[in-house]
Each structure stands twice: as structure tokens, then as C-alpha cells.
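Trainee: Test case, fold it:
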Amino acid sequence: MDGFPGKGTGVGDQLHSVGGSGRDPPKSFTKLKPKPGSGTKKTNIKAPKPKRSVTWSPASFLKYEESLAKLGAEHAATNMAAYSEEFKDSPQPGLSMRAGSSEPRIHPAASEHSRRLATFGISLTNTLSDVVIVYPCLVLRRQCQVNNVGQRYHYTPFTIMGVAFNLQRSQGFTCLWKGVGSYLMVNALTFGVESGLSESTKKLPKEVDRHSTLKDIAGHVLLKALSAGLVMPFYSAHLVESIQSEAASETPGIFYFITEGFSRLFGFAGVQSRRMLPFRHLLLPTVLYFLLRYILTNLLQFSILSGFRLREKRKHDQALNSAHPFSPVDTAYMSVPSTSRQAVNQVPLTTTISTSRHATTQYHQLLSNFIAQVITDVLLYPFETIIFRLHVQGTRTIIDDMDRGSGFLPVSSRYEGCLDCLSTVVTYEGKGGLYRGFGALMLQHLLKFSILKIIHLSLQLSSPTI
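Mentor: Presented below is the predicted three-dimensional model:
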């Protein structure tokens, strides 16, 4: 009875231990015919050969790891594609939660066309707001800064608003938008000069980022300095046009600032007096002002935007940690050995990049730029006042009376340079003379912040997950 299947430690137990099922013996087991004369059929079975042990070499082990990583990455991408197909008709793209469930829900990414359209719309809205809403505050601020005989310094927006109302009532609605045409043309001229210098030299990059080398950054700063120096005469002509009172002079032609720019560049007499400072005396402080403004604004914007991104990353990590159930992507990721998960991390998870996330990024860029401009304007306001007074000196400019908002008065000064202007203003006007018209700057940024909040509200309405 020893050879009867299913009893003791016979063939059945051996089949269970080797084959696993006990029904279908492996092919290596052979049945032998019984010897003649024996009364009972006896089955002799060959024992299976033991498997040869495999020794892993370092190269073989690395190949095995790579194959597992590739398999896990393909599995993750397949599951992500399945999730995208499942939720392709969802009205809210992005990462959300299913109703009545704690399992995360993944929506498909926004198209590249939609992102570019949103970026263009935000940029266009920001530019139009600067020209239509913010520019009058710029005109009021400049007239206060070059006025060295006024009794009211306008430190707050409340006093400057009354003056603006009186100016519009006496001179018309468009009196606060004088020089807006030359303002746009100076910006276009600056863009053209930078593009021409960058294309002609091939060594002065027009744009840099955090991955740029020190050589590229130095070339970019040199490009900004050269463009500021070349455009400076036309900027000076635009400055005079923006503060000239319409009650005491005719409206200048569309190309007035171009002729005045060349006259300032080559030192033609024109209507200027001998008090006008030569071009070479204004070049260094003006270029230094624009460079300080550009560098300080960009450094502050980069720092603030980095803080926003770090905060968003922490919030994103907390949201992922709170969604404890594993998705198919997490399961595929955890099935890969820890030494090979880097390949899975490189899978482009495009479905997590949604419209709401792109809109949040756009808003953070606008907000960081706004905060950087506010800080820069406050820090460089005294220097800007000095630069404006040096450019206007000797041009026989007549400005509006900023004490009452009606009437006009001439600009008369005898500054020898930046240091002489600083000492004269502090001596005769006090330190507050360097901050004349600061209320107009506050009003300007309050209006820009209101526009920024309107843009943010529109982004929230289009993407409720912000």
C-alpha cells in the first residue's frame, strides 16, 4: 500500500510538493511497464532534477532592475491614459475628490492653445490697464516731482484726487493722458533697440533665466544699459511732453518727441536754454537709474515667486498625503524596486497639469511682479525725483499748478548735477521734497492692485479649484 496514491507519503504527496496540484504530473515523470509475471501494476517515477542555482553578476542585476523599472513606467503610463480617458468629459479639469469617496479623481490637462490664450489675455489686460487707468497717476506724480515751488507735497492719495478733479474740470477729460502716444512709442523703441542689438551682436541675450551662466547675465545687463543710453534722449522728450500744461501750450504733434529726442541727442538749440544739462552729464545717472530699477525688480520678483512656489508645493504635498488610498499609478510605482523608481518618476504625468494650476501660476507671476514694483518704486522714488528734475531743467516747460488744480507755472532750476540737486532739495524743501507726489504713486498701485484682484476673480470663476 506504500505506492497507492493519496496515502501516507506516496506519489500524491510528491505531486503536491512538486507539481502543486496532484492531478497532472510534470512531463519529467515517466511510467515504466510492469515486469512479466507481476500481479500488480507498479509505477516507477523519476525524481525531478534539482534546479541549478543562479549567480547574479552586477551587470545582470542592473539589467534586471532596468527591465523592472521599464515595466513599472509602462504600467503607470497605461493607467494614467486610462484615467484620462475615463474623465475626458469632466467639466472641472485637475485633481478633485469623487462625491462620497476619499479616492482622488484625476482630470485631463488643459490644451496648450487654451494656456497660450489665457496668457495673452492676461498680458493684454495688464497692458491696457497701465495705459488707460494707471497712466493719469503717472502724469500727476511727475508734475509734483518737478515742481520745486509748490506748497502742497501730496503725500497721500486724498489730496491728489481733488487736484485731478479740478484739472479735468478746467482743461478737459484728456488732460491726464497727455503724452500717452509717446509713452507707447518709447516702449516700442526700447523693444526694437534691444532686439536689434541682440540679433546683431549674437552675444547679448535678450532674455535670461535661472539656468543662464554669469556670462549670459552680464551680457543681458550690458544690453539693458546700451538700450537705456540710446533711448534716453527720446525718453527725456516724452517726459517733457507728459508734464507740459495744455492750458499754456498747444498739443504737440505725433512725432514731436522724435524731433526733440534728436535735438537733445545732438545738442541743437531749439527752444531750450543754456541751463539745460548736456547729454553726457545725464547719461550715467539715467542709465544707472534704469539698471537699478530693472535688476531690483527682477530679483525681488524671483524671490517672491520662489516663495509662492514653495508654498504651493507644500500644499500640494499635503493634499496628496491626505488622499491616502493608492491610485493605479501609486501601485505601479510601489511595485518597482526603490533603486529603480527614478525611471518611474520621469513619466510625464500630464494629467495633473490642469487649467486651474496654470491659472494659479499666472496669478502668482502677476502678484509677485506687482509686489516687486511697489518695493522698487518706494526705494528709488528720491532718485527718480532727481532724475526727472535734471531732465526737465532748461526745457522752458510750463506745468499745471498742483496746489489748486487750476492755472500753471514755469519750471525754473539751476542744478549742476545729481549731488547738487540732492543737496538743494534737502536744503530748501526738506527731505520731504524728495517724496513730492508720493500720494499719486500710492493711488497708482491701489488701482493696479484692484485690477489684479479683478483678474484673480475672473480666473477663479473659470477655474474654481484655485
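Trainee: Okay, strands next: where are they in the stretch 101-250 of the chain?
Mentor: Taking DSSP state E, counting those that start in this stretch, the strands of the stretch 101-250 of the chain run over residues 104-106.
Trainee: Tell me where it is predicted with low confidence.
Mentor: For the stretch 101-250 of the chain, the stretches with pLDDT under 70 are 101-122.
Trainee: Now with 80, please.
Mentor: 101-131, 247-250 (pLDDT under 80).
Trainee: what about the helices in it?
Mentor: With DSSP state H, counting those that start in this stretch, the ranges of helices along the stretch 101-250 of the chain come out as 112-129, 135-146, 157-171, 180-201, 214-243.
Trainee: Would you format the ones you listed as TSV with mean neighbour count included?
Mentor: For glycine as for every other residue, the C-beta is placed from the backbone atoms N, C-alpha and C. Below are these laid out as TSV (neighbours: other C-beta atoms under 10 Å):
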stretch	mean neighbour count
helix 112-129	13
helix 135-146	24
helix 157-171	17
helix 180-201	16
helix 214-243	19
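Trainee: Of all those helices, which one is nearest residue 317?
Mentor: Ranking these by proximity to residue 317 (C-beta to C-beta) places helix 112-129 first, at 23.8 Å.
Trainee: where does the stretch 301-450 of the chain dip in pLDDT?
Mentor: For the stretch 301-450 of the chain, the stretches with pLDDT under 80 are 316-317, 319-362.
Trainee: What segments of it are strands?
Mentor: Remark: strands assigned in the stretch 301-450 of the chain by DSSP E, counting those that start in this stretch are 398-400, 408-410.
Trainee: Each with direction, which strands does the first one pair with?
Mentor: Meaning strand 398-400. According to DSSP bridges, strand 398-400 has the following sheet partners: strand 408-410 (antiparallel).
Trainee: Can you give me the buried ones in the strand it pairs with?
Mentor: By neighbour count on 16 or more other C-beta atoms under 10 Å, the buried set for strand 408-410 is residue 409.
Trainee: what sits up against that strand?
Mentor: 147, 149, 245, 247, 248, 396, 397, 398, 399, 400, 401 (C-beta atoms under 8 Å, 6 or more residues apart in numbering).
Trainee: will you turn the helices of the stretch 101-250 of the chain into JSON lines that also has distance to residue 317?
Mentor: Below are the helices of the stretch 101-250 of the chain laid out as JSON lines (distance: least, C-beta to C-beta, whole Å):
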{"stretch": "helix 112-129", "distance to residue 317": "24"}
{"stretch": "helix 135-146", "distance to residue 317": "42"}
{"stretch": "helix 157-171", "distance to residue 317": "42"}
{"stretch": "helix 180-201", "distance to residue 317": "40"}
{"stretch": "helix 214-243", "distance to residue 317": "32"}
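Trainee: Tell me which of these approaches residue 431 most closely.
Mentor: Taking C-beta to C-beta, helix 135-146 is the member of these nearest to residue 431, at 14.4 Å.
Trainee: what's the closest one packed up against?
Mentor: If contacts are counted by 3 or more C-beta pairs under 8 Å, 6 or more residues apart in numbering; DSSP states H and E, helix 135-146 sits against helix 157-171, helix 214-243, helix 381-392, strand 398-400, helix 438-462.
Trainee: and the gap between the closest residue to residue 274 other than its chain neighbours and residue 455?
Mentor: Spatial nearest neighbour of residue 274, excluding adjacent residues (C-beta to C-beta, 6 or more residues apart in numbering): residue 394 at 7.0 Å. Residue 394 is 42 Å from residue 455, where distance means C-beta to C-beta, to the nearest Å.
Trainee: Could you do residue 138 as well?
Mentor: The value you get for residue 138 to residue 455, if C-beta to C-beta is used, is 20 Å.
Trainee: same thing with residue 237?
Mentor: Residue 237 is 33 Å from residue 455, by C-beta to C-beta.
Trainee: just to revisit the earlier point, redo the helices and strands packed on helix 135-146 as TSV? Include distance to residue 293.
Mentor: Formatted as TSV, the helices and strands packed on helix 135-146 follow (distance: least, C-beta to C-beta, whole Å):
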stretch	distance to residue 293
helix 157-171	23
helix 214-243	10
helix 381-392	8
strand 398-400	24
helix 438-462	14
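Trainee: just so I know, which of those lies nearest residue 367?
Mentor: Among the helices and strands packed on helix 135-146, the nearest to residue 367 by C-beta to C-beta is helix 438-462 (6.5 Å).
Trainee: in that closest one, what's buried?
Mentor: If you call a residue buried by 16+ other C-beta under 10 Å, then helix 438-462 has these buried ones: 438-445, 447-448, 451-452, 455-456, 458-459.
Trainee: how about stretch 397-415: buried residues?
Mentor: Buried residues in stretch 397-415 (16+ other C-beta under 10 Å): 397, 398, 399, 400, 401, 402, 403, 405, 409, 411, 413, 415.
Trainee: and of the residues you listed, the nearest to residue 429?
Mentor: residue 413 (11.4 Å).
Trainee: For stretch 287-301, which outside residues touch it?
Mentor: Stretch 287-301 is contacted from outside by 221, 224-225, 228-229, 232, 368-369, 371-373, 375-376, 379-380, 383-384, 387, using C-beta under 8 Å, 6+ apart.
Trainee: Of all the residues in that stretch, which ones are buried?
Mentor: Result for stretch 287-301 [16+ other C-beta under 10 Å]: buried residues 287, 289, 290, 293, 294, 296, 297, 300, 301.
Trainee: Show the end-to-end separation of stretch 139-158, please.
Mentor: End-to-end span of stretch 139-158 (C-alpha to C-alpha, to the nearest Å): 16 Å.
Trainee: Could you number the chain from 10 rather than 1 from now on?
Mentor: I'll keep to 10 as the first residue from here, and by that count the last item is stretch 148-167.
Trainee: quick one: the helices in the stretch 260-409 of the chain?
Mentor: So, for the stretch 260-409 of the chain - with DSSP H, counting those that start in this stretch - the helices run 265-275, 288-331, 337-343, 350-354, 364-388, 390-401.
Trainee: could those helices go into JSON lines alongside distance to residue 203?
Mentor: What follows is the helices of the stretch 260-409 of the chain, written out as JSON lines (distance: least, C-beta to C-beta, whole Å):
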{"stretch": "helix 265-275", "distance to residue 203": "17"}
{"stretch": "helix 288-331", "distance to residue 203": "11"}
{"stretch": "helix 337-343", "distance to residue 203": "45"}
{"stretch": "helix 350-354", "distance to residue 203": "39"}
{"stretch": "helix 364-388", "distance to residue 203": "19"}
{"stretch": "helix 390-401", "distance to residue 203": "21"}
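Trainee: Burial-wise, tell me which of those comes out on top.
Mentor: Across those, the average number of neighbours (mean count of other C-beta atoms under 10 Å) peaks for helix 390-401, which reaches a mean of 21.
Trainee: what's the angle between that helix and helix 447-471?
Mentor: Interaxial angle of helix 390-401 relative to helix 447-471 (axes from the mean of the first three to the mean of the last three C-alpha atoms, to 10 degrees): 110 degrees.
Trainee: I'd like the strands of the stretch 310-459 of the chain laid out as CSV, including distance to residue 250.
Mentor: What follows is the strands of the stretch 310-459 of the chain, written out as CSV (distance: least, C-beta to C-beta, whole Å):
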stretch, distance to residue 250
strand 407-409, 12
strand 417-419, 15
